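Chemist: Take a look and give me a structure for this.
(2 chains)
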Amino acid sequence: MSRIQSIQLSLQKSIKDVRGQKLQAKIKDVLNIDCGIINCSKIYNFNIALEDDQLIDFGKSCLLDPVTDEMHFNQLALPDHCNSYLLVSFLPGVTDDEGFSVQMALNDFFGFDESNKKANGTQTIFSQSVFCFENSLSKSDLASIAHRILGNPLINHFAYYPNTTEKYIPYVPTVVLKTDNRVEKVNLELADKELLKLSKDKLLSLNLAEMQAIKEHFLSEETKSKRLEVGLDEMATDCELEILGQTWSEHCKHKEFNAIIHFTNKENGEKKTINSLFKTYIKGSTDRVQENLLAKDNDWLVKVFSDNAGIVKINDKEHFVWKVETHNSPSALDPYGGAITGILGNNRDPLGTGIGGAKLLFNTNVLCFGPPNYDKPLLGGQLHPKQILDGVRNGIEDGGNKSGVPTVNGSIIFDDRYSGKPLVYCGTGGILKAKYQGLPTDGKPIHNGDRIIMAGGRVGKDGIHGATFSSLEIDEHSPMSAVQIGSPITQKKMADFLIVACEIGLVKCSTDNGAGGLSSSVGELATISGGAIVELEKVPLKYSGLKPWEIFISESQERMTLVIESEKLEDLFDLAKIYEVELSDIGQFTDSGFLDIRYNETQVAFLNMEFLHEGDPQKIMEAEWELQEWPEVDASHIDDYNSILLQLLSSLNICSRENVIRQFDHEVKGKTILKPLMGSLGLAPQDAAVMRVNFNNYEGIAVSNGILPRYGDIDAYEMSAGAFDEAMRQIISVGGVLPNQQKNDGIFWSVNDNFCVPDSEYHPETNPDGKLKLAKLVQMCEALYDSSTYFDIPMTSGKDSMKNDFKAEGQKISVPPTILYSMTAKINDIRNVVSSDFKSNGDLIYQLGTTYDEMGASEFNALLGGIGNTVPKVRRENAKALYLKVMEANASRLIESSHDISDGGLAITLCESCFSANFGIDIELNVFKDIDLNAILFSESHSRFVVSIAPENKEAFENIFDSAAYYLGTVNEDGEMNFSYNGAEIVGLETGACLKAWRDGGAFF
Amino acid sequence: MVKALIITGFGINCEEEMAAAFSMAGAQIEILHLNEILLKGKSIHEYDILNFPGGFSFGDDISSGKVMANKIKYKKLSSGKTLLDEIILFLEAGKFVFGICNGFQILVKLGLLPNISGKFEQEVSLRNNDSHKFEDRWVNCIAENENQSPFLTEINTITLPVRHGEGKLIIKNEAIKNAILDQNLNCLTYSDDSGTATSEYPFNPNGSNLNCAGLTNPSRQVFGLMPHPEAFLSLYNHPNWGKIKRENPATDEQGAGLKFFKNIVDHISKQKSRNES
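Modeler: Below is the predicted model of the structure:
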């Protein structure tokens, strides 16, 4: 190995070290360690032979900022007042974008040719961060700082120097692996016990029935004779088992959503059998909605469930593609890496839908965490919820901002039960041209002879067993190769390239390389042509030493698989040079009926396509429902509503998300019309986001989310129905209209359903309440079906994540069964959308929709420390009647502001609408009859809005709504909130005080 | 017709809205990947204005704009010259260079702004915000009246979004600072609601020296700013558009940010028609 050279960049003494100052405060706050002044600097280690004067010349020309930096060569320079320090680098094989950028700068500077080995591929320059502390810190303090704040031992290498006399040792994370290309053969003539052991030893996550099916297939005479033709015997290769494990994983195959479920309702004795939740409820509802739509000539559902994302029609020239995924397990292990690979991976779904090359329009994210002030002891491998929150937020920031995709909508939910595994939902909407060069873009045509091209990043050991891993619970021994870090710039280059390549007709179709890597992408595409041959030696590697099966199932990020006709290869490769995207021709599609994988002369796998995709035996599961009763919450003693209101405003699930929202670029692309925060102070929270589609017309897309996990403690059906209503009413609130109201009205709605549930497979010891959990899942699906078909609002894509349990030290932290509906709908003219904030002094305020005494699982009850039993119910008929009225009022532009009523009820909603411009309100609540005051103020009954109108529109407005509108009072500009009831003032607060409580509550973000 | 060239690639991500801005302002637009120039021999001299949009070129690695600036400065074209050499010729021909956000950072690191010495050496820098955070928020700016920048004609105050983590101007020394002030190069500054320049957060979102939001060079041909005028092409981009429209239903539906683009396109048009006549 050549001598390690290094360049250190630090700030000049006169320049304020902003990062150091923030870190000093954070370390004090989180760990109560006094570091004194912190100086941050960067080291770049060069594992490449350069003359010293070359190194100096390069550093001065390309790295040094002459205004702010100072530079040191081949030494570690510490500031005068440094008494201890630590260094953070990446572990071998972990993405180090900055090192790569320096490498690229080096190539440009010295004119190294791109074909030169130094110019691409293997990493030779590595970045390292140095943190110097004024105080002498012990090794254990340094380790706490490193692990809790600066990095993660799963991806980072830390070096601790408690004093400065200790000799500094440079660290370069080169990957050294013994080359071992051998293919291992596995004998399947095994007894059941040994089959299960094989599955466990190889991390295949396959159960006995599945292992038996594999055994039977390999030992059949037909298989044997076919295999003989290619020189294989009846033993399975390691690669074949890995492919089966990946293809049949819960993540890829959705075994529980396709299972036969025997359901018993213990309350009424009803029994039924469900043959696949997916087919019955999810696809089932969309099929029925499609029938209803087509009956009215509404033909905007273009492609559902069968591709990487759902496709609907915006207009004759453009489609909208929409996909929401989760990345929970990786985010529990490495929050930053988990979230950034989540959002980047989800971006590749719209990019690889149909032919591919959709332009990404926006991202969304919905996050469920443990509380930031979590004070229970952490279990082995469990990260503190605040650390998870910070890392995930940062991952989403970098993933979205650095890709130039605005993050426009989201939600953050806190509950103790998300302290083991957080839920990280990432959504992406994109615009796909309806045609490229005259050809429809929604198809995925593949024929015998088409080439398989891998585009984007190189392959390393990253994420091996990721797909099967997400089907397992996390424990102390989870493999570290499951953690990856995304590279937004690598992906941005690839996306820029793919969009152009698709538009000019070079790409026949494409797909994402996500979970399961090539095995998944090529394996699935090969079902279209009927087979494929892959030559694994042609796959470019980050470092040598990978086994053939590892190459095939590696989940190294930022890759896509392109299907290219041979005659277009040259043009495609030329284009890729401009975009600096690495392409490799790794094989071809066939119609042989086999997935045929080779490594040079060696046959690595030869799998019957039908067996691979259809041979997995259907799972059988048990579900059993019985009512759970909770103690009622006594709120009769409440009399200080000022105090209750302020406490609710600052509570975790209601307080301002401003500090998070501002760190996400929510307006890059210049098309965001309703942003997460609006108003003259830029503080008023909104319902749905609205994007415009083009600069030269006013068509738009509204996007919202509905998620109410705590309602599921009482009733999983109402939780799912309520979440559906929440997402829907947010779109109605901003001026959206229900679909299928008129013939050929062109108003698309496109919804993704994302289920995240705990292990719902009954086991007498390890999961005794598994049947109840599964019953809740069934009920969530039933509500999905009922809601979707009632409103003709279809699911177009979605995902389920089934084992959201964190296990360690004999304990289990399971998430509550959770469903997220991510909704989008077409807006005809974005100039007419309605924001949530009050607009003018003297405007009249109404509540639309009826309040019921439904305090169960409300934020109010949570504040009082209970749950209760009367969960809000969705009354679909009433809801629809009201939404049609709202649509009618909006068509006449009668509504000045509209905010849907959700967490915290009417009182919170009224406050939030004042936050735009320090408005106040004078409210009289006597309009509500026969209902408790607590419920009037804080009930979370569904399908309601707070709206304001101009006084001159009173008559027209009341004519439309009649008894569905409850007049509450007026907007004032004094910044005073006054609520009265039965002649007495019950709330008298300054808007400023409410705003302060609401913002202070969110100061921890 | 005015021809605007918009550079993209390597993580630039605001090229489409910048192109839309020039298009609305009446220019003919072309978006080119930087490598079309560096590798394929496309010439910038066919155009009247060269634009560097916002984004995250090379992910802000090393420091924002640095790696892109290195490419422009050191990567050899087939002619043996660098793109920076070509840009210098482009400016000598009286043409214009415009950078927004990451584009501004690139211009600063290339030494194109403020370029008091005329030697294209880096004289200022744009580094981490004092908050040490990326932030997306709308800010008020005031334009310097004495400044004769053709980009700023008739702009006195303007509200624009900022979206950056490295926007704090740091000036190399007092001499450069004085030259910036003497020559009115600090042409756009962050201000409070009353229109007074301020260092107070969040009005000044990053702690920028001289409250600087944008700089020009002494010849006024090069202009860069941290806020995003191309993200305010329509009234409906403004976070308070609902109230604005309520108070004045006849409000212009165009966004104020478009003015920068109209100004420069008009200026070049006039210049061109003068040259032709």
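Chemist: what are the ranges of the strands in the stretch 751-900 of chain A?
Modeler: In the stretch 751-900 of chain A, strands defined by DSSP state E, counting those that start in this stretch lie at A:795-801, A:805-808, A:811-814, A:818-827, A:844-848, A:897-900, listed in chain order.
Chemist: could I get these as a markdown table with mean neighbour count and mean pLDDT?
Modeler: C-betas here are computed from N, CA, C, even on glycine. Shown next, in a markdown table, are the strands of the stretch 751-900 of chain A (neighbours: other C-beta atoms under 10 Å in any protein chain shown; pLDDT from 0 to 100):
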| stretch | mean neighbour count | mean pLDDT |
| --- | --- | --- |
| strand A:795-801 | 24 | 95 |
| strand A:805-808 | 21 | 93 |
| strand A:811-814 | 18 | 95 |
| strand A:818-827 | 28 | 98 |
| strand A:844-848 | 23 | 98 |
| strand A:897-900 | 27 | 98 |
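Chemist: tell me the pLDDT at residue 166?
Modeler: Since you didn't name a chain, this refers to chain A. A:Glu166 carries a pLDDT value of 89.
Chemist: that's the other chain; I wanted chain B
Modeler: Predicted confidence (pLDDT) at B:Glu166: the value is 97.
Chemist: picking up where we left off before, chain B: which of the strands of the stretch 751-900 of chain A is closest?
Modeler: For chain B, the closest of the strands of the stretch 751-900 of chain A is strand A:897-900, at 7.4 Å, according to C-beta to the nearest C-beta.
Chemist: Tell me if the closest one is near chain B.
Modeler: Yes - residues of strand A:897-900 contacting chain B under C-beta under 8 Å from any C-beta of the partner chain: A:Ser897.
Chemist: Residues of the stretch 51-200 of chain B that sit close to chain A?
Modeler: Residues of the stretch 51-200 of chain B that fall close to chain A, judged by C-beta under 8 Å from any C-beta: B:54-56, B:58-63, B:66-67, B:70-71, B:73-76, B:109, B:121-125, B:127-138, B:161, B:163, B:170-172.
Chemist: quick one: which of the residues you listed sit in helices?
Modeler: Those of these mapping onto helices are B:66-67, B:70-71, B:73-74, B:109, per DSSP state H.
Chemist: out of the residues you listed, which are buried?
Modeler: Among these, those scoring as buried are B:66-67, B:70-71, B:73-74, B:109 (criterion: 16 or more other C-beta atoms under 10 Å in any protein chain shown).
Chemist: which stretches of chain B form strands?
Modeler: B:3-8, B:28-33, B:49-52, B:96-100, B:124-127, B:135-143, B:157-164, B:168-171, B:188-191, B:212-216, B:222-225 (DSSP state E).
Chemist: buried subset of the residues of the stretch 51-200 of chain B next to chain A?
Modeler: Using 16+ other C-beta under 10 Å, the buried ones in those are B:54-56, B:58-63, B:66-67, B:70-71, B:73-75, B:109, B:122-125, B:127-131, B:133-138, B:161, B:163, B:170-171.
Chemist: Please give the number of neighbouring residues around A:Val175.
Modeler: 17 (other C-beta atoms under 10 Å in any protein chain shown).
Chemist: ok, now A:Asp415?
Modeler: The number of residues packed near A:Asp415 is 20, by other C-beta under 10 Å.
Chemist: same check, this time on A:Leu863
Modeler: Using other C-beta under 10 Å, A:Leu863 is surrounded by 18 other residues.
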